[in-house]
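>>> Curious how this folds, go ahead:
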Amino acid sequence: MTRREPIGPIARPGDAIGILGGGQLGRMLAMAAADLGLDVHIFTPEADSPAARVAKRTWVADWSDTAALKEFADSIVAATLEFENVPVAAADSIEAAGKPMRPNGRTLSRTQDRLAEKMFLREIGIEPAPFARVDGPGEIEAALKLLGGNAVLKSRFSGYDGKGQVRLKGEAPSNAWADVGAGPSIMEAWITHDREISVVAARGSDGAFVAFDPPENDHSGGILRRSSFPSSAPQRVLDEAMRLTKRLADALDYVGVLALELFLTTDGKLLANEFAPRVHNSGHWTQDACKTGQFEQHIRAVCGWPLGDPSRHSDGEMINLLGEHALGWENHLAQGAKLHLYGKRHAANGRKMGHVTRLRPKA
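Next comes the predicted model:
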């Protein structure tokens, strides 16, 4: 039997909220929770993580350490996560200890397998980009032909920010299978699109749903470079994107913030790229340009509190600071941008080190 989410407040100021994962999203969630009078406990395998430096307590342990997870669960009133590759068993252990886990392991199991994710989207009436299952190197050419000779081969179970995937056009290079990890994969058709948009939205335990104005996103190399808000797509398209996102959140019985990434094709159709069961990079601007930002909104939902007003008071853009480009952060301050640095020690190529938000009066 499917477990139903408890409705109503499950935390009060002074209680501790748990976050699985110690990256920058966990850091910003912890900061938002502190503003609401809550303590934050972090569970992460990573020593000296960005989130740990702003949390009250941190457990540094492997995801398979059941004793540490039980101790962590006993210290909190509810938990959430900051990235979708937290092992399902770890998330399930929080619920097994009697604490709400938002989102839960059932949702994670749908997002950690790209094939399962796309099949689920199709089942609930959200059409993804055309795709094909690829279980071995001998299936690559047939899948590529089926998808029109222009596609992306991706690992089913890993990879992010362009990792674990390879672009294929015309024919597949001999190293394609190795480049995606030589494991179960999925091939997705390359979509000729007019623009990419995303809907970042929140759903409360009572089913209340609110969405931020969809931004327009610029990716290259599989990494989000810039989000501009609001999108210049027609309002009917944006309304449909938000309707699809509500359908997704309701189908999952979701509690918290999630994001649905969509392609707007050149013939005016919306196709789903993927969804993220967490706060999202394309929603970072909301903490500076909206009455209630995505991080506060997520904490409210996790606690069972009323959702905040997501309305936008400014237009602008959010720019990711990647790798060595983050070293010029002083220039952004001098130009009046809102700066957010994540406290990471090493500026590896393509690594997200921070972001800036540039605001202008709302049109």
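>>> residues contacting Leu25?
51, 82-83, 278-279 (Cβ atoms under 8 Å, 6 or more residues apart in numbering). Glycine gets a C-beta too; all of them are placed from N, C-alpha and C.
>>> Which one (most neighbours) among the residues you listed?
Among those, Val279 has the most neighbours (other Cβ atoms under 10 Å), with 30 neighbours.
>>> Do I have it right that that one meets Glu296?
No - the pair Val279 and Glu296 fails to qualify as a contact (Cβ atoms under 8 Å) at a distance of 10.1 Å.
>>> May I have the distance across stretch 122-132, first residue to last?
Start and end residues of stretch 122-132 are separated by 13 Å (Cα to Cα, to the nearest Å).
>>> Could you list the buried residues of stretch 329-343?
329, 332, 337-338, 340, 342 (16 or more other Cβ atoms under 10 Å).
>>> Tell me which residues of stretch 275-294 come out buried.
Applying 16+ other Cβ under 10 Å to stretch 275-294 flags 275-290, 292-294 as buried.
>>> Which neighbouring elements make contact with the helix ranked longest in the chain?
With DSSP state H setting the assignment, residue counts place helix 235-251 as the longest helix in the chain. Here helix 235-251 touches strand 193-203, strand 209-211, strand 256-265, strand 270-276, going by 3 or more Cβ pairs under 8 Å, 6 or more residues apart in numbering; DSSP states H and E.
>>> Which positions within it qualify as buried?
237-238, 240-242, 244-246, 248-249.
>>> how about the helices in the stretch 1-150 of the chain?
24-35, 66-74, 88-96, 105-111, 114-123, 140-146 (DSSP state H, counting those that start in this stretch).
>>> average pLDDT for the last one?
Model confidence over helix 140-146 averages 92 on the pLDDT scale.
>>> What is the subsequent helix or strand relative to that helix?
Where DSSP states H and E defines the elements, the next helix or strand beyond helix 140-146 is strand 150-155.
>>> The helix or strand hosting Met187 pairs with which strands, and in what direction?
Assigned by DSSP H and E, Met187 falls within strand 185-189. With DSSP bridges as the test, strand 185-189 is paired with strand 131-134 (antiparallel), strand 150-155 (antiparallel).
>>> Start and end of stretch 71-90, how far apart?
13 Å.
>>> Report the rounded mean pLDDT for that stretch.
96.
>>> Please apply the same query to stretch 302-316.
On average, stretch 302-316 scores 97.
>>> Could you pull out the buried residues of it?
302-305, 307-308, 310, 312, 314-316.
>>> Spatially, which two of the residues you listed are the most separated?
Greatest spacing in these, by Cβ to Cβ: Gly304 and Asp315 (32.6 Å).
>>> Check which helices and strands the helix or strand bottoming out on mean pLDDT in the chain is in contact with.
One helix or strand of the chain scores below all others by mean pLDDT, DSSP states H and E: helix 329-334, with a mean of 84. In terms of contacts (3+ Cβ pairs under 8 Å, 6+ apart), helix 329-334 is packed against strand 338-341, strand 352-361.
>>> what's the shortest one packed up against?
What it means is strand 338-341. Contacts defined by 3+ Cβ pairs under 8 Å, 6+ apart place strand 338-341 against helix 329-334, strand 352-361.
>>> residues in contact with it?
Around strand 338-341, the neighbours that count as contacts under Cβ under 8 Å, 6+ apart are 28, 284, 288, 321, 326, 329, 332-333, 353-359.
>>> tell me the average confidence for it?
Computed over strand 338-341, the average pLDDT equals 94.
>>> Also the longest one?
Model confidence over strand 352-361, given as mean pLDDT, is 95.
>>> angle of that strand against helix 24-35?
60 degrees (axes from the mean of the first three to the mean of the last three Cα atoms, to 10 degrees).
>>> Packing partners of strand 352-361?
helix 286-289, strand 314-322, helix 329-334, strand 338-341.
>>> export these to TSV and tack on distance to Gly207?
Below are the helices and strands packed on strand 352-361 laid out as TSV (distance: least, Cβ to Cβ, whole Å):
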stretch	distance to Gly207
helix 286-289	21
strand 314-322	29
helix 329-334	40
strand 338-341	32
